[in-house]
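J.: Sequence and predicted model, in that order:
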Amino acid sequence: MTAAELSVVFFLQMFVIIAVSRLVGWLAKKYLGQPQVVGEMIAGVLLGPSLFGLLAPDIQHMLFPKDSKSVLYVGAQMGVGLYMFLVGLGFQADHFKSNAKSAAAVSLSGMAAPFLVAVAIAPWLLHLGLFGKGIDTFQATLFMGAAISITAFPMLARIIHERGLSKTPLGTLSLSAGAIDDAGAWTVLAVVLATFGGGPAVAIKAIVGGAVFVAFMVTLGPKLLAPLGRWAEREGKVTPNILGVVVMLFALCAWAMDAVGIHAVFGGFILGTVLPRGVLSREVKKQLEPFAVVLLLPMFFTFSGLHTQLTMVNSFGLVAVTLVILAGSILAKGGACWAAARLTGQDNATACGIGALMNARGLMELIIINIGLQKGIIGPALFSMLVLMAIITTLMASPLFELLYGKAARARGELGALDESEDEASELARLPA
């Protein structure tokens, strides 16, 4: 397709993506009690081959031609990376420091238990022929461990925002553990790719590059960025020049993490955590958030949904395998995070809330398994099973959280009441930075 043809298709795509995302998100929020973000995730899957492509394949192909997916991919990365930068702006370092022990324990437990499940089931899945050709037991175990242990970091952040948990120790603890969790899972994936043919340099670059970036940003970042904060304070607002500098810094950090093989979202998130608070963080959040939430983030969900094919699980045997994977994933991840939170001093209700939130896999899971499918590590059937696991665990997160923690906390006045008619972009924009 020519650039002019791509432009025509792109604007029609954006109309459909935004319309379907808003509609399905509203329906999920109003009738299912799910956060807007879960509806948007489902909308992305509906626009893919699982429903739209099944019912009207010619129209779906016309709307989402192969050549246009590279444009959607770039927009998707921009959207999720920018959103995680905004999440980082609301990150409370003091909460993290006070919960560092619990965050580390929850994260490590949330990785160790899923890897034990992977050790148990990976040889069986390999025997069933669900992995790609040339994959050995070690590679299969590492990949399954990463896939089961991943947390829906962007989606977890969105749920935490929508449920009014942004400034609470529970929300900060969950985000901290989720960040550590996903960094570990991406590192493991880098090791799998290295052993599968990428070479050891892939894993070394991811581990060393990520560690150096985080160390630099945490130690020197606040000092280097302090003048930017003072500039905003003198102006009393974020001018176009200040906003331009912030966006350039975001792009540079996202590039750094993508370049070393982790993911752009972590670059954006780390920058957000170290950006000076006050006028700068508050006004940047207010200016960028509606654009990121309404326009860019749905591109991320749609791009992932276009690579999701749920009709692959089409026999009793495959359904049984899916149920085993689902049960093992829920018990290992949710149960381990609950136990770790309890052992580090959290009360039972808070521990249950953390376990419910950390159990969501969401689109980070879809990113990992899409990479696995593209690289030939897993087959289409196992890919579809893991997609179902991602959707079900994500759908479970909010109702389970409300049942185990949210309702009682709202009754005690610790959390605000949920406003079902509230548009989440407006709600998020009013949150203090």
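T.: Great, that's in hand. Numbering: from 1, shown residues only.

J.: Would you mind measuring from Trp28 to Phe300?
T.: Rather than Trp, residue 28 is Ala. According to C-beta to C-beta, to the nearest Å, Ala28 stands 17 Å off from Phe300. For glycine as for every other residue, the C-beta is placed from the backbone atoms N, C-alpha and C.

J.: Tell me which of these two has more neighbours.
T.: Per other C-beta atoms under 10 Å, whichever of Ala28 and Phe300 has more neighbours is Phe300, with 27 against 22.

J.: In contact with the closest residue to that one other than its chain neighbours, which residues?
T.: In this structure, Phe300 finds its nearest non-sequential neighbour in Ala76, 4.0 Å apart by C-beta to C-beta, 6 or more residues apart in numbering. Ala76 makes contacts with Leu296, Met299, Phe300, Thr302, Phe303, Ser304, as judged by C-beta atoms under 8 Å, 6 or more residues apart in numbering.

J.: quick one: buried residues of whichever helix or strand Ala76 is part of?
T.: Ala76 is part of helix 69-89, with elements assigned from DSSP states H and E. Neighbour-count burial for helix 69-89 flags 71-72, 75-89 (criterion: 16 or more other C-beta atoms under 10 Å).

J.: Now do the contacts for Val192.
T.: The contact partners of Val192, by C-beta under 8 Å, 6+ apart, come to Gln139, Leu142, Phe143, Ala146, Ile377.

J.: Quickly note the distance from it to Leu395.
T.: 28 Å.

J.: Is the residue of the chain most remote from its centre inside a helix or a strand, and which specific one?
T.: Ranked by distance from the centre of the chain (C-alpha atoms, centre = their mean), the top residue is Arg234, with 35.8 Å. In this structure, Arg234 is located in helix 221-235 according to DSSP H and E.

J.: hang on, isn't Ala177 packed against Leu357?
T.: No. Judged on C-beta atoms under 8 Å, Ala177 makes no contact with Leu357 at a distance of 9.2 Å.

J.: Show me what the mean pLDDT comes to for stretch 5-20.
T.: Mean pLDDT, stretch 5-20: 94.

J.: which parts of it are buried?
T.: Buried residues in stretch 5-20 (16+ other C-beta under 10 Å): Val9, Gln13, Met14, Ile17, Ile18, Val20.

J.: Tally up the residues packed near His127, please.
T.: 10.

J.: same check, this time on Ala120
T.: The number of residues packed near Ala120 is 14, by other C-beta under 10 Å.

J.: Model confidence at it, what's the number?
T.: At Ala120, pLDDT is 95.

J.: A strand includes Leu252, no?
T.: No. Assignment of Leu252 by DSSP: H, G, I helix; E, B strand; the rest coil gives helix, placing it outside any strand.

J.: That one and Gly81, how far apart?
T.: From Leu252 over to Gly81 (counting by C-beta to C-beta), the distance is 12 Å.

J.: And for Thr168?
T.: From Thr168 to Gly81 the distance is 25 Å (C-beta to C-beta).

J.: Next up, phi/psi of Gly48, please.
T.: Reported as degrees, to the nearest 10, the phi and psi values for Gly48 are phi -90, psi -160.

J.: neighbours of Ala4, just the number please.
T.: 7.

J.: Okay, and it sits in which element?
T.: Ala4 belongs to helix 3-31 when assigned by DSSP H and E.

J.: Repeat that for Leu193.
T.: When elements are assigned from DSSP H and E, Leu193 belongs to helix 169-193.

J.: what angle do that helix and helix 69-89 make?
T.: Here helix 169-193 runs at an angle of 140 degrees relative to helix 69-89 (axes from the mean of the first three to the mean of the last three C-alpha atoms, to 10 degrees).

J.: list the buried ones in the next helix or strand after helix 169-193?
T.: For helix 169-193, the following helix or strand on the C-terminal side (DSSP H and E) is helix 200-219. For helix 200-219, burial by neighbour count (16+ other C-beta under 10 Å) applies to Val202, Ala203, Lys205, Ala206, Ile207, Gly209, Gly210, Phe213, Val214, Met217.

J.: contacts for helix 200-219?
T.: Under the contact criterion C-beta under 8 Å, 6+ apart, helix 200-219 has outside partners 183, 186-187, 190-191, 193-194, 253, 256-257, 259-262, 266-267, 270-271, 273-274.

J.: next one: stretch 268-279
T.: 81-91, 93, 153, 179, 213-214, 217-218, 221-222, 225-226, 228-230, 232-233, 235-238, 246, 249-250, 253-254, 281, 284, 433.
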